[in-house]
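1. structure, please.
(chains A and B)
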There are 2 protein chains.
Amino acid sequence: MKLLEDRIVRDGVVKTEYVIKVGSFLNHQIDTALVDELGAEWARRFAGKPVDKIVTIESSGIALAAIAARHFGNCPVIVAKKSRSMNLDGDLYATQVESFTRGGVFDIVMERRLLKPGDHILIIDDFLATGSALTGLLDIAEQAGATVEGIGIAVEKGFQPGGESIRAHGYQLESLAIIEKMDPDTGAIEFR
Amino acid sequence: MKLLEDRIVRDGVVKTEYVIKVGSFLNHQIDTALVDELGAEWARRFAGKPVDKIVTIESSGIALAAIAARHFGNCPVIVAKKSRSMNLDGDLYATQVESFTRGGVFDIVMERRLLKPGDHILIIDDFLATGSALTGLLDIAEQAGATVEGIGIAVEKGFQPGGESIRAHGYQLESLAIIEKMDPDTGAIEFR
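-> As a prediction, this is how the structure comes out:
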């Protein structure tokens, strides 16, 4: 999606070969007009899919999912939580994922009553790299017996294995910008 | 706001005299159509205020802020972070707040370049009880020299001191439902 690629080139900051910061428009600060366009684009790409819930994971996926929901009939958004919190009930789906940003392993949890067989979900997140968090959400969807209609990602790091692995499993994965290569010295970014 | 009060009565779960769970529509799962109505109501209550940025704190304020932004000219949303993260730059506003839900003290941080003198902000959050997190956001706004045009809260616990204290400081605080009393035995909820 050219609008997003152009914005990444303009305002993204390439820190290393593997790390790009998009905090000024996609997560620390959110350009809500831009994200609304991302939502409209996902709605075009998943047109005809009977999406009735959007699932994301805290915290940087939440704004994207919440704004995108308007383009999917104002469907509910479920936020999977990282690790147990005192405000969650006991009856939880849980799965363990590895964090490369934070280091270590953490739990992803979701209340069981929120996701059921018969639900048709779209998973939304800001980044896809190794696919660790996404694999956790897919595991929870499988535990729930929900149907995953698709996965919408803003920025995929195409040089990391997450995207290939998810596509190989047959999911419709729509990443709106796929970065093939980044050069921290020149700041150059190549898209797929 | 009757729409929200009715929904709290219908789907809120009173756990103790002090704790009500609204996770099925306001934070763990978000009823995006309802939250869009909350956004429209805040826009009515803050009509004429020159809001150009919405500020919230991760993670349960994010969806409300992101959806409400549509009613404030698709203005940017800034998400203050709890504690230092590897993905934040060094140049941060920071303040310490006490958490009654989690227990203990944590840092709220925000990149300095995102908030400046001349910014006119609306603070949005899902809950106001002791006002601890909110006081932290107000402290960051003051450090930045930004003007706080108002504070929009979904659910205020009127029997806790946060709301009174914030109003006494002269801020326009618009809580869309103010709970005066909750009875965990009967589930009864009284609103102001």
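2. kindly report the residues of chain A close to chain B.
-> A:21, A:23-24, A:27-33, A:35-36, A:58-59, A:62-63, A:65-67, A:69-70, A:74-79, A:81, A:85-89, A:101-102, A:110-111, A:113-114 (CB under 8 Å from any CB of the partner chain). (Glycine included, C-beta is placed from N, CA and C.)
3. from the residues you listed, list just the buried residues.
-> Buried by 16 or more other CB atoms under 10 Å in any protein chain shown: A:21, A:23-24, A:27-32, A:35-36, A:58-59, A:62-63, A:65-67, A:69-70, A:75-79, A:81, A:87-88, A:110-111, A:114, out of those.
4. inside helices: which ones of the residues of chain A next to chain B?
-> A:32-33, A:35-36, A:62-63, A:65-67 (DSSP state H).
5. of all those residues, which two lie farthest apart?
-> A:33 and A:62 (17.5 Å; CB to CB).
6. quick one, what contacts residue A:32?
-> A:63, A:67, B:66, B:69-70, B:74-77 (CB atoms under 8 Å, 6 or more residues apart in numbering or on different chains).
7. which of these lies closest to residue A:158?
-> residue A:63 (23.5 Å).
8. apart from its chain neighbours, what residue comes closest to the closest one?
-> residue B:66 (3.9 Å; CB to CB, 6 or more residues apart in numbering or on different chains).
9. can I assume that neighbour is in contact with residue A:61?
-> No - counting by CB atoms under 8 Å, residue B:66 does not reach residue A:61; the two are 10.9 Å apart.
10. where does chain A have low pLDDT?
-> Scanning chain A for pLDDT under 70 picks out A:84-90, A:101-102.
11. which non-adjacent residue is nearest the residue nearest in space to the middle of chain A?
-> Nearest to the centroid of the C-alpha atoms of chain A, with distances taken as CA atoms, centre = their mean, sits residue A:125, at 1.4 Å. Once flanking residues are discounted, residue A:125 sits nearest to residue A:61: 4.2 Å by CB to CB, 6+ apart.
12. near residue A:18, how many other residues are there?
-> Counted by other CB atoms under 10 Å in any protein chain shown, the residues lying close to residue A:18 total 13.
13. my guess is it meets residue A:179, correct?
-> No - with contact defined as CB under 8 Å, residue A:18 does not reach residue A:179; the gap is 10.0 Å.
14. shared neighbours of those two, anything?
-> In contact with both residue A:18 and residue A:179: A:157, A:159, using CB under 8 Å, 6+ apart.
15. pretty sure the residue nearest to the centre of chain A is in a strand, no?
-> Yes - assessed by DSSP: H, G, I helix; E, B strand; the rest coil, residue A:125 belongs to a strand.
16. does it touch residue A:56 like I think?
-> Yes - contact criterion CB under 8 Å: residue A:125 and residue A:56 qualify, at 6.0 Å.
17. find residues that contact each of those two.
-> In contact with both residue A:125 and residue A:56: residue A:64, using CB under 8 Å, 6+ apart.
18. and the residue nearest to residue A:63, how far from residue B:122?
-> Residue B:66 sits 13 Å away from residue B:122, going by CB to CB, to the nearest Å.
19. residue A:41 now?
-> 28 Å.
20. between these two, which has more neighbouring residues?
-> Legend: neighbour count by other CB under 10 Å for residue A:41 and residue B:122, higher for residue B:122 (27 against 19).
21. I'd say that one and residue B:151 touch.
-> Yes - using CB under 8 Å, residue B:122 makes contact with residue B:151 at a distance of 7.4 Å.
22. ok, now which ones touch the closest residue to residue A:36 other than its chain neighbours?
-> Once flanking residues are discounted, residue A:36 sits nearest to residue A:67: 5.5 Å by CB to CB, 6+ apart. Counting by CB under 8 Å, 6+ apart, residue A:67 makes contact with A:32, A:35-36, A:38-39, B:66-67, B:70.
23. residue A:44 - how many residues pack around it?
-> Residue A:44, neighbours per other CB under 10 Å, totals 9.
24. which residues sit against stretch A:124-136?
-> Here stretch A:124-136 has contacts from A:18, A:22, A:26-27, A:42, A:54-57, A:60-61, A:64-65, A:68, A:80, A:95-100, A:108, A:123, A:137, A:151-157, A:160-163, A:165-166, A:173, A:175, using CB under 8 Å, 6+ apart.
25. give me the buried subset of the residues you listed.
-> A:22, A:26-27, A:42, A:54-57, A:60-61, A:64-65, A:68, A:80, A:95, A:97, A:108, A:123, A:137, A:151-157, A:160, A:162-163, A:166, A:173, A:175.
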